[in-house]
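# With the sequence up front, the predicted model follows.
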There are 2 protein chains.
Amino acid sequence: MVARYERIAAELRDDILTGAYPVGSQLPSEAELATRHRAARGTVRQAVAVLVAEGLVGSRQGARRIVLGNARSQSFAELHSFAQWARANGYRIGGQVVSQRRRSATAPESARLGAGEDGGEVLEVLRLRSLEGEPVLVERTVYAGWVAPAVEALPADCASVTEALYDSIGLIFAYGEHLIDAVPAGAEDARLLGVRRGSPLLRQRRVTTTHEGRPVESSDDRYRAGSVTFSIRNSIGANPLTRRAGDLRFGP
Amino acid sequence: MVARYERIAAELRDDILTGAYPVGSQLPSEAELATRHRAARGTVRQAVAVLVAEGLVGSRQGARRIVLGNARSQSFAELHSFAQWARANGYRIGGQVVSQRRRSATAPESARLGAGEDGGEVLEVLRLRSLEGEPVLVERTVYAGWVAPAVEALPADCASVTEALYDSIGLIFAYGEHLIDAVPAGAEDARLLGVRRGSPLLRQRRVTTTHEGRPVESSDDRYRAGSVTFSIRNSIGANPLTRRAGDLRFGP
DNA sequence: TAAGGGAACTTGTACAAACAAGCGAGCACC
DNA sequence: GGTGCTCGCTTGTTTGTACAAGTTCCCTTA
């Protein structure tokens, strides 16, 4: 059973994506949407809040909501899993484990993965992943000791690790923190990706946890330049004018 | 007058950042927070929703909320303005206009900035910005025709364009769409930033609009590698298990 | 001892009502 | 003609209530 507000949100999203509400146009008022969907105003507000969070719709007090965009930016919702992102966009993907070994965690790794839970043993995996047959991503992942057995049981050419771990032990990657920057390709990166040493790579370092907050993996992913772009939509918040003035003059 | 839920959110955030609720610990239940703050449960829910959106707190039905992080990730809230971000982090910044000229918009620019509104005239500005005295960012910005006069009136070494435009014409950068990838430094980039040609740069392309949805600027910002890192926190949503299973098997 | 069932607790969804605050259009006035 | 003001509309905030759905833990039972 899908929630009512989610169905309303989906309907509105469809209307936006198909152009029934073009970019720059106004959305119906909350009152009208409420009567139209036979729902309370609160429910409609919840639905619209979803679209605002997605960046499709802009909202400010007193004025009708307007449509800001008509392209779904799913990139950060899909930030957890390369395979899911690729599949959602219709790409053909591949993956191959290059090397894999158990070792004891370094100090910073222990800190990131929840110190010394397993006597400090971790599993280090180096994977090369491809998009449309082209190698695009070098993934250096350190798994916490308690998931190591499940990861070792995976086939070397497993396409979606996220999916495989969910199927085998019901593991869910619920939360993630991501750091994104640019680095030059090292010798190994260059060899695996087929680029020159020192050429630009987009790096995404991440730490992923279960929904209990237990760290699962810490990873250093490097994308070949041009292969992948991250996209984000943002807004300055619900009460732009007053908040902005304060921010501008004194900082947060 | 700050909203009640925002004050409650701020209090909770403080408690998390100062360690009163350490990472991994449980937050009080909504009912307890409600009685403690003498507010309705709905208000408390709104407050906690803020923290969940910030990625500080994880939430799932039936279980107590847990603390996920204790570092404020303000990067994407501050994605609008380099100066604001830098100031909030206590950095000393500088800026200098390298070149600036009016010209007619190219076709893709017209599309991004709201086609042909002003007969297609735009203002192109190349700025070099520094952090702690070091040049770190090359900013190639194309402003829509209607803001061109205000931008031209700014001093060449204006530190915060966002702030200056707010003060002069009340302009607010309300919404933004950002594309992030890595590119090699071109000849001009290399010269301005003091790096070798071809060395990695972190590129952020963005289109910014007012809260009426009117496009203001389209920019191509390139950061020297190592100078800036973007950070994001994300989660898979409110209903992890069911949603995840569907996503995994069939895609969205 | 291990498995199962259930009860208490906690978060999610939905509705209703009232007031506050900001926006925009139209109107009166100068 | 332009300026300023008022009024209606729209979104934001808060409270209260009720039920649904998931989690956790304890207690019973095999």
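Noted; the coordinates are in hand.

# just for the stretch 101-250 of chain A, where's the confidence low?
Applying pLDDT under 70 to the stretch 101-250 of chain A picks out residues A:115-119, A:236-250.

# Enumerate every residue touching the one residue in it that gets nearest to chain B.
Using Cβ to the nearest Cβ, the single residue of the stretch 101-250 of chain A nearest to chain B is residue A:200, 3.5 Å away. Bear in mind the C-beta positions are built from the backbone N, C-alpha and C, glycine included. Contacts for residue A:200 (Cβ atoms under 8 Å, 6 or more residues apart in numbering or on different chains) come out as A:182-185, A:225, B:182-184, B:198-201, B:225.

# Return the subset of those residues lying in strands.
Mapping these onto strands (DSSP state E) picks out A:182-184, B:182-184, B:200-201.

# and the residue of the stretch 101-250 of chain A closest to chain B, bridged to which residues?
Under DSSP bridges, the beta-bridge partners of residue A:200 are residue A:184.

# how far away is it from residue B:157?
30 Å (Cβ to Cβ, to the nearest Å).

# ok, residue A:192 touching residue A:136?
No. Counting by Cβ atoms under 8 Å, residue A:192 does not reach residue A:136; the two are 10.4 Å apart.

# Out of the two, name the residue with the larger neighbour count.
For residue A:192 versus residue A:136, neighbours defined as other Cβ atoms under 10 Å in any protein chain shown are more numerous around residue A:136 (23 against 20).

# And the more buried one, which helix or strand is it part of?
Assigned by DSSP states H and E, residue A:136 belongs to strand A:134-144.

# That strand: which residues count as buried?
Applying a neighbour-count criterion of 16 or more other Cβ atoms under 10 Å in any protein chain shown, one finds A:135-144 buried in strand A:134-144.

# Stretch A:229-238 now?
For stretch A:229-238, burial by neighbour count (16+ other Cβ under 10 Å) applies to A:230-236.

# Ok, stretch A:183-195 next?
Within stretch A:183-195, the residues that count as buried by 16+ other Cβ under 10 Å are A:183-185, A:189-190, A:192-193, A:195.

# Save those as a markdown table, and put in distance to residue A:47 too.
As requested, the buried residues of stretch A:183-195 are exported to a markdown table (distance: Cβ to Cβ, whole Å):
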| residue | distance to residue A:47 |
| --- | --- |
| A:183 | 41 |
| A:184 | 46 |
| A:185 | 45 |
| A:189 | 45 |
| A:190 | 48 |
| A:192 | 45 |
| A:193 | 43 |
| A:195 | 45 |
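
# now the contacts of residue A:200 in TSV, with distance to residue A:83?
As requested, those are exported to TSV (distance: Cβ to Cβ, whole Å):
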residue	distance to residue A:83
A:182	24
A:183	23
A:184	27
A:185	23
A:225	21
B:182	22
B:183	26
B:184	28
B:198	31
B:199	31
B:200	26
B:201	28
B:225	28
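
# quick one: contacts for residue A:157?
Residues near residue A:157 by Cβ under 8 Å, 6+ apart: A:94-97.

# Look up how far DNA strand C lies from it.
35 Å (Cβ to the nearest atom of the strand, to the nearest Å).

# Ramachandran coordinates for that residue?
Main-chain torsions, residue A:157, degrees, to the nearest 10: phi -110, psi 30.

# who's in contact with residue A:225?
Residues near residue A:225 by Cβ under 8 Å, 6+ apart: A:195, A:199-202, B:181-184, B:200.

# ok, now with 10 Å
A:136, A:182, A:185, A:193, A:195, A:199-202, B:181-184, B:200-201, B:203 (Cβ atoms under 10 Å, 6 or more residues apart in numbering or on different chains).

# Residue B:56: which of these is nearest?
residue A:202 (26.3 Å; Cβ to Cβ).

# Excluding residues flanking it in the chain, which one is nearest the closest one?
Counting by Cβ to Cβ, 6 or more residues apart in numbering or on different chains, residue A:202 lies nearest to residue B:182, which is 3.9 Å off, once chain neighbours are set aside.

# which one of the buried residues of stretch A:183-195 is nearest residue B:69?
Taking Cβ to Cβ as the measure, residue A:183 is the one of the buried residues of stretch A:183-195 closest to residue B:69, at 23.9 Å.

# Confirm that residue A:103 sits in a strand.
Yes. Under DSSP: H, G, I helix; E, B strand; the rest coil, residue A:103 sits within a strand.

# Confirm for me that it is in contact with residue A:121.
Yes. Between residue A:103 and residue A:121 there is a contact at 7.4 Å, judged by Cβ atoms under 10 Å.

# For those two, indicate the residue with more neighbours.
residue A:121 (15 against 12).

# show me where the stretch 51-200 of chain A has helices.
Under the criterion DSSP state H, counting those that start in this stretch, helices of the stretch 51-200 of chain A are mapped to A:82-88, A:107-112, A:148-152, A:161-169, A:187-193.

# Same list, these, but as JSON lines with distance to chain B please.
JSON lines is the format used below for these (distance: least, Cβ to the nearest Cβ, whole Å):
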{"stretch": "helix A:82-88", "distance to chain B": "5"}
{"stretch": "helix A:107-112", "distance to chain B": "11"}
{"stretch": "helix A:148-152", "distance to chain B": "16"}
{"stretch": "helix A:161-169", "distance to chain B": "5"}
{"stretch": "helix A:187-193", "distance to chain B": "11"}
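
# Using TSV, please lay out those helices together with distance to DNA strand D.
Shown next, in TSV, are these (distance: least, Cβ to the nearest atom of the strand, whole Å):
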stretch	distance to DNA strand D
helix A:82-88	21
helix A:107-112	23
helix A:148-152	20
helix A:161-169	14
helix A:187-193	39
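
# taking those together, which one is wrapped up most tightly?
Highest mean neighbour count of those: helix A:82-88, a mean of 22 (counted as mean count of other Cβ atoms under 10 Å in any protein chain shown).

# can you give me how far that one is from the chain middle?
11 Å (Cα atoms, centre = their mean, to the nearest Å).

# by contact count, what packs against that helix?
strand A:93-104, strand A:121-131, strand A:134-144, helix A:161-169, helix B:240-250 (3 or more Cβ pairs under 10 Å, 6 or more residues apart in numbering or on different chains; DSSP states H and E).

# Nearest to DNA strand C, out of the ones you listed?
helix B:240-250 (10.0 Å; Cβ to the nearest atom of the strand).

# Can you tell me how far residue A:165 is from residue B:110?
Using Cβ to Cβ, one obtains 47 Å as the distance from residue A:165 to residue B:110.

# Equivalent analysis for residue A:150, please.
Separation of residue A:150 from residue B:110 (Cβ to Cβ) stands at 53 Å.

# Next one: residue A:12 from DNA strand D, what distance?
Here the criterion is Cβ to the nearest atom of the strand. By it, residue A:12 lies 12 Å from DNA strand D.

# Once you drop chain neighbours, what's closest to that residue?
Nearest one to residue A:12, counting by Cβ to Cβ, 6+ apart, is residue A:51 at 6.0 Å.

# again, but for residue A:197
Leaving aside its chain neighbours, residue A:197 sits nearest to residue A:190 (4.3 Å; criterion: Cβ to Cβ, 6+ apart).

# what does residue A:66 give?
Nearest residue to residue A:66 in three dimensions, chain neighbours excluded: residue B:213, at 4.7 Å (Cβ to Cβ, 6+ apart).

# Helix, strand, or coil at that neighbour?
Recorded secondary structure, residue B:213: coil (three-state DSSP).

# Quick check: it touching residue A:70?
No. Residue B:213 is beyond contact range of residue A:70, at 11.7 Å (criterion: Cβ under 10 Å).

# which one of the two has more residues nearby?
residue B:213 (20 against 14).

# which residues do residue B:213 and residue A:70 both contact?
Common neighbours of residue B:213 and residue A:70 (Cβ under 10 Å, 6+ apart) are residue A:23.

# Which strands and helices lie in contact with the strand or helix carrying residue A:31?
Assigned by DSSP H and E, residue A:31 falls within helix A:30-37. Applying 3+ Cβ pairs under 10 Å, 6+ apart, we find helix A:30-37 packed against helix A:4-17, helix A:41-54, strand A:63-67.
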